[in-house]
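Q: Here is a sequence together with a model predicted from it:
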Amino acid sequence: MIRACSVSELPEGEALRLDGPVPVSVFHAEGGFYALDDTCSHQDASLADGWIEDCYVECPLHAARFDLRTGVPNCLPAKNAVRTYPVVVADGVIYVDTEARRDVA
Amino acid sequence: MRTVAVVGTSLAGLRAAQELRGRGFDGRLVMIGAEPPYDRPPLSKDFLLGKVSAEDLALAGQDDLAALDAEWHLGVRAERLGAAGVTLEDGTTIAADGYVVATGAAARTLDAARKLNGVHTLRTLDDAVSLKQGLAAGPGSVVVIGAGFIGAEVASACRLLGHDVTVIEAMPVPLAPVIGPEMGTVCAGLHAEGDVRLIAGVPVAGFAGADRVTGVRLADGREIPADLVVAGVGARPATEWLTGSGLAVDDGVLVDSGCVTANPRVIAVGDVARYRCRLRGRRVRAEHWTAANEQAGVAVANLLAGETVTHFARHGYFWSDQYGRRLQFAGVATEDVRIVEGDVASKRFVATYHRGESLAGVFAIDSPRPFTRLRRAL
Ligand SMILES: Cc1cc2nc3c(=O)[nH]c(=O)nc-3n(C[C@H](O)[C@H](O)[C@H](O)COP(=O)(O)OP(=O)(O)OC[C@H]3O[C@@H](n4cnc5c(N)ncnc54)[C@H](O)[C@@H]3O)c2cc1C
Ligand code: FES
């Protein structure tokens, strides 16, 4: 588990990149908090720079839209999913379990 | 509608096919294309640099293609569209109730260079493979004609591959018609920073060399030595096959704001379509990836409805990767340009274009997050 930030530091519609060996980002969407691999599976854009709407993040470069719940893109140009990670909120702090990465079927 | 024929199987054609199936079209879908669906933008970037392979360029996996449940005619050109249907160069004629024209554009060539070896254009995967082979011959002098986005990307890639590179641009300020003179000047500066020579404001007059090019002659009398030349001088819409079809063609297939021709059973999408742009109040051809991607949904909805029920009214958007930087532009350039984040000196900034009180466009270098937010505000 790594500490991302406090809930108050991440308003809805925002994302935070957690730099590490594999950058992971945590997103605050309508439905709650989600964590995904930060690097778009299409090229090398950072999804934390993207546009968050409903339960999706749109890549800032070529607009592939990834489902925050599953990491699966629902349109071109991305063809592959990005990995998702469990997010836990405790005492107003957001934690991401970067060890427990979930590959998508 | 029982049968739809899609002519051109690159981005716009593939997206149209996906939209047809996505919107419940369960009839016969015929895909006719000179090439399989692959992504063009990386050709002048990562593909030239050897970072991605031809397989990586595929626009869809085998499963996605199979899911379209289409009949494919690949590697053949459509030659004619008439009352009987679309006729292919192998003689097959396919009759359909609906037609999607998605034949894109072809690279413009320079007449004077036609018979010379070593002069390249870049539009297709074959072009890119041949250019890559030419560049692999060893470090040499490369002259790129045209400082538009493709020219600039090729120049950047050639320099990274170790060549000595000169870019020649006829206009005094590259890209000025697209992003305005101020930002065009900033982009011109990227070449010098990337150790590439830019000669602007001088047209090319001809070439030196007998079989193989040895130099490029400029209108001011100079001759720039060249082992290899890349002409990045634009593209013309691929409409020759529509001669005699009755469709109106004038620098592209003329369509309304819903990408529908005068015949409601024929739509045109992507680089080949010259559509009535509601945001600009005139007909334009959007030669960019995102437009081809987005027009498909609108056009197909109209084809299935049998009339124009929805319109394409998105702001133009494109990106470009040059000299290790990422450029993004959306909307239209005006004379009122303001730097709203970062600074031009560091080549990391966001500039906005204004028309009176309203935001007309955004241009950014290496600033995807603020760019994305401003693009949304357009
Ligand atoms: C090198 C390069 C780099 C680019 N980089 C960028 C970028 O960074 N950002 C950006 O926004 N845009 C970029 N673009 C533009 C983008 O690739 C195009 O806008 C996009 O490909 C348009 O798609 P399309 O399907 O309309 O046309 P095309 O991609 O041109 O596809 C048309 C297809 O139709 C086929 N065809 C033509 N005539 C016939 C016929 N008679 N019968 C059958 N098939 C036919 C062609 O072979 C082709 O496969 C780039 C383009 C190039 C060439
Ligand atoms: S890098 Fe994300 S869609 Fe291309």
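A: Cool, got the structure. Ligands and ions are numbered 1, 2, ... in the order given.
Q: contacting residues around the spatially most central residue of chain A?
A: Closest to where the C-alpha atoms of chain A average out (CA atoms, centre = their mean) is A:L36, at 3.4 Å. Residues near A:L36 by CB atoms under 8 Å, 6 or more residues apart in numbering or on different chains: A:V24, A:S25, A:F27, A:L47, A:V57, A:F66, A:L68, A:G71, A:V82, A:R83, A:T84, A:Y85. Heads up, the C-betas are built off the backbone N, CA and C, glycines and all.
Q: Pull the contacting residues for the nearest residue to B:Y323 once chain neighbours are set aside.
A: Take B:Y323 and drop its neighbours on the chain: the residue closest to it by CB to CB, 6 or more residues apart in numbering or on different chains is B:G194, 3.8 Å away. Contacts for B:G194 (CB under 8 Å, 6+ apart) come out as B:A155, B:S156, B:R159, B:Q322, B:Y323.
Q: which SS class is the second one?
A: Translated: B:S156. Three-state assignment for B:S156 (DSSP: H, G, I helix; E, B strand; the rest coil): helix.
Q: What is the neighbour count of it?
A: For B:S156, the neighbour count with other CB atoms under 10 Å in any protein chain shown is 27.
Q: which residues in chain B form helices?
A: Assigned by DSSP state H, chain B shows helices spanning B:11-22, B:62-67, B:125-136, B:149-160, B:176-193, B:289-305, B:368-377.
Q: rewinding a little: ok, and the most crowded of the contacts of B:G194?
A: B:A155 (30 neighbours).
Q: show me where pLDDT drops low in the stretch 51-200 of chain B?
A: Nowhere does the stretch 51-200 of chain B drop to pLDDT under 70.
Q: swap that for chain A, sorry
A: In chain A, residues with pLDDT under 70: A:103-105.
Q: what do you get if the cut-off is 80, keeping everything else the same?
A: A:100-105 (pLDDT under 80).
Q: For ligand 1, what's the nearest residue on it?
A: Closest residue of chain A to ligand 1, CB to the nearest ligand atom: A:H62 (8.2 Å).
Q: Would you verify that that residue is located in a strand?
A: No. Per three-state DSSP, A:H62 lies outside any strand segment and is coil.
Q: Check the secondary structure at the residue nearest to the centre of chain A for me.
A: strand.
Q: How many residues are close by the residue in the stretch 1-150 of chain B positioned nearest to chain A?
A: Residue nearest to chain A within the stretch 1-150 of chain B: B:G61 (5.9 Å; CB to the nearest CB). B:G61: 11 surrounding residues under other CB under 10 Å.
Q: So what does the closest residue to it other than its chain neighbours look like in phi/psi?
A: Among residues not flanking B:G61 along the chain, A:K79 sits closest, at 5.9 Å (CB to CB, 6+ apart). Here is the backbone geometry of A:K79 (degrees, to the nearest 10): phi -110, psi -20.
Q: Ok, the one 10 residues further on next?
A: Summarising the backbone geometry of A:V89 under the convention degrees, to the nearest 10, its torsions are phi -110, psi 120.
Q: wait, isn't it in contact with A:Y95?
A: Yes. Contact criterion CB atoms under 8 Å: A:V89 and A:Y95 qualify, at 7.4 Å.
Q: OK, contacts around residue 50?
A: Unless you meant another one, I'm taking chain A. Contacts of A:G50 (CB under 8 Å, 6+ apart): A:A15, A:V57, A:E58, A:C59, A:P60, B:T372.
Q: The chain in question should be chain B.
A: Counting by CB under 8 Å, 6+ apart, B:G50 touches B:K132.
Q: near ligand 2, which residues of chain A?
A: Contact residues (CB under 6 Å from any ligand atom) of chain A with ligand 2: A:C40, A:H42, A:Q43, A:A45, A:C59, A:L61, A:H62, A:A64, A:P77, A:A78.
Q: Now with 8 Å, please.
A: Residues of chain A lying close to ligand 2 (CB under 8 Å from any ligand atom) are A:40-45, A:47, A:59-64, A:73, A:77-78.
Q: show me what contacts the residue of chain A closest to ligand 1?
A: For A:H62, the contact set (CB under 8 Å, 6+ apart) comprises A:H42, A:Q43, A:A45, A:P77, A:A78, B:W289, B:T290, B:W319.
Q: quick one, strands of chain A?
A: Assigned by DSSP state E, the strands in chain A fall at A:2-6, A:15-18, A:24-29, A:32-37, A:51-53, A:56-58, A:65-67, A:84-85, A:87-90, A:93-96.
Q: Now tabulate those strands in CSV and tack on distance to B:G104.
A: As requested, the strands of chain A are arranged in CSV below (distance: least, CB to CB, whole Å):
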stretch, distance to B:G104
strand A:2-6, 44
strand A:15-18, 35
strand A:24-29, 35
strand A:32-37, 33
strand A:51-53, 28
strand A:56-58, 25
strand A:65-67, 24
strand A:84-85, 36
strand A:87-90, 43
strand A:93-96, 43
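Q: could these go into TSV alongside distance to ligand 1?
A: Formatted as TSV, those follow (distance: least, CB to the nearest ligand atom, whole Å):
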stretch	distance to ligand 1
strand A:2-6	33
strand A:15-18	24
strand A:24-29	24
strand A:32-37	24
strand A:51-53	17
strand A:56-58	16
strand A:65-67	17
strand A:84-85	29
strand A:87-90	34
strand A:93-96	33
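Q: thinking again about what came up before, ok, so of the contacts of B:G194, who is nearest ligand 2?
A: Taking these together and measuring to ligand 2 by CB to the nearest ligand atom, the closest member is B:Q322, at 16.3 Å.
Q: Over to the residue of chain A most remote from its centre: give its phi and psi.
A: Residue farthest from the centre of chain A, counting by CA atoms, centre = their mean, is A:D91 at 21.2 Å. Per-residue torsions, A:D91: phi 50, psi 40 (degrees, to the nearest 10).
Q: Once you drop chain neighbours, what's closest to the residue in the stretch 251-378 of chain B that ligand 1 sits nearest to?
A: At 2.1 Å from ligand 1, B:G270 is the closest residue in the stretch 251-378 of chain B, using CB to the nearest ligand atom. Setting aside the residues directly before and after it, B:G270 is nearest to B:A12 in space (CB to CB, 6+ apart), at 2.8 Å.
Q: Report the contact partners of the nearest residue to B:A34 once chain neighbours are set aside.
A: In this structure, B:A34 finds its nearest non-sequential neighbour in B:R77, 5.0 Å apart by CB to CB, 6+ apart. Contacts for B:R77 were tallied using CB under 8 Å, 6+ apart; they are B:A34, B:L88, B:E89, B:W241.
Q: What of B:T92?
A: B:H73, B:V76.
Q: distance of it from B:H73?
A: 7 Å (CB to CB, to the nearest Å).
Q: coming back round to it: for A:V7, see how far away the residue farthest from the centre of chain A is.
A: 9 Å.
Q: With B:P36 instead?
A: B:P36 is 48 Å from A:V7, by CB to CB.
Q: just B:G151 next, same as before
A: In terms of CB to CB, B:G151 sits 49 Å off from A:V7.
Q: Neighbour count for these two, which is higher?
A: More crowded of B:G151 and A:V7, by other CB under 10 Å: B:G151, with 26 against 14.
Q: Up against chain B, what does chain A have?
A: For chain A, the contact set with chain B under CB under 8 Å from any CB of the partner chain comprises A:43, A:45-46, A:48-51, A:58, A:60-63, A:76-77, A:79.
Q: which one among the residues you listed gets closest to B:G98?
A: For those, the closest approach to B:G98 (CB to CB) belongs to A:L76, at 22.0 Å.
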